[in-house]
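J.: Have a look at this fold, sequence not included:
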């Protein structure tokens, strides 16, 4: 059986870390967005439960802007866990930061060519 190269192992670790970050942030954001009544105790419990997965995964340096922003958002959520800010302030700041990250990822993935005329030049 062939052994995996170091680069493949590093890429697998990076992907695992990114997925754990995405899982952590999406779980917290979904709770804050969809919950009728947001409480500080439930937020803290949610963060603690999701932090178990984050603690099990090895931290890997991330080089892309969106992923480093995602890592910063997760760190911000963990910092809010121990802080004394009002839950409504935490909710608005976390949802705003998550929205900005999602917008930057969507901007990279999708580009409208609605007003582009170059694609029709070959028909003339």
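T.: Now that the structure is in, tell me what you want to look at. Computed from a prediction, not measured in an experiment: that's the story for all the values here.

J.: ok, then the element right after the lengthiest helix in the chain?
T.: As assigned by DSSP state H, the longest helix anywhere in the chain is helix 6-34. With elements assigned by DSSP states H and E, the helix or strand that comes after helix 6-34 is helix 40-56.

J.: so that next one versus helix 6-34, what angle?
T.: 170 degrees (axes from the mean of the first three to the mean of the last three Cα atoms, to 10 degrees).

J.: Centre of the chain to stretch 76-89, how far?
T.: 17 Å (Cα atoms, centre = their mean, to the nearest Å).

J.: For residue 4, give me phi and psi.
T.: Torsion angles at residue 4 (phi, psi; degrees, to the nearest 10) stand at phi -80, psi 150.

J.: And the pLDDT at it?
T.: Among the per-residue scores, residue 4 shows a pLDDT of 72.

J.: got the contact list for it?
T.: residue 12 (Cβ atoms under 8 Å, 6 or more residues apart in numbering). (C-beta placed from N, C-alpha, C; glycine too.)

J.: any idea how far it is from residue 11?
T.: Applying Cβ to Cβ, to the nearest Å, the value for residue 4 to residue 11 is 10 Å.

J.: Same check on residue 24?
T.: In terms of Cβ to Cβ, residue 24 sits 20 Å off from residue 11.

J.: quick one: which of the two has more around it?
T.: Neighbour comparison, residue 24 and residue 11: the larger count goes to residue 24, with 24 against 13 (by other Cβ atoms under 10 Å).

J.: The more buried one against residue 50, yeah?
T.: Yes. Here residue 24 lies in contact with residue 50, judged by Cβ atoms under 8 Å, at a distance of 4.8 Å.

J.: Please name every helix or strand in contact with the longest helix of the chain.
T.: Packed against helix 6-34, as judged by 3 or more Cβ pairs under 8 Å, 6 or more residues apart in numbering; DSSP states H and E, are the following elements: helix 40-56, helix 65-82, helix 87-109.
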